[in-house]
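What follows is a predicted structure for the sequence shown.
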Amino acid sequence: MIKKHLCPSQIIKKKYDREHKRLIKTCCDAANAIVRIRDKICQRCERSVGKLDVAHVFVKKHLRTRFDLWNLVYLCYDCHQNKWHG
């Protein structure tokens, strides 16, 4: 069995990737908490009970808009799945 050795640049990249993912998760959690406090109810049907989700108006793959509070909206599960993505 051959062991694969990582060169120093690959080790640094793996460490960077882990830290980058951890930072993105921290930012997501903070942005979600702010939107939950700001909106409190579904912004489409105004329900306040049941499962509520934070949804992105524009896709979240772009970091420029991913944490922009104007790009985040609080929706109930039905509105998020059936009306937002439907």
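Nice, I can see it.

Every contact and neighbour count from this point should use C-alpha atoms.
Noted.

centroid residue for this structure?
Most central in the chain under CA atoms, centre = their mean is Cys28, positioned 4.7 Å from the mean C-alpha point.

What is the burial count for the nearest residue to it once chain neighbours are set aside?
Of all residues not flanking Cys28 in the chain, Phe67 sits nearest, at 6.8 Å (CA to CA, 6 or more residues apart in numbering). Using other CA atoms under 10 Å, Phe67 is surrounded by 19 other residues.

go on, Val73?
The tally of other residues near Val73 (other CA under 10 Å) stands at 21.

for Arg36, same thing?
18.

before we move on, what about Arg64?
8.

A strand includes it, no?
No - looking at Arg64 with DSSP: H, G, I helix; E, B strand; the rest coil, it is helix, so not inside a strand.

how near is the residue nearest to the centre of the chain to Glu46?
Between Cys28 and Glu46 the computed distance is 23 Å (CA to CA, to the nearest Å).

Also Cys27?
From Cys27 over to Glu46 (counting by CA to CA), the distance is 26 Å.

How about the secondary structure of Arg38?
Once three-state DSSP is applied, Arg38 turns out helix.

quick one: it from Leu69, how far?
Applying CA to CA to Arg38 and Leu69 gives a distance of 10 Å.

What of Thr26?
From Thr26 to Leu69 the distance is 15 Å (CA to CA).
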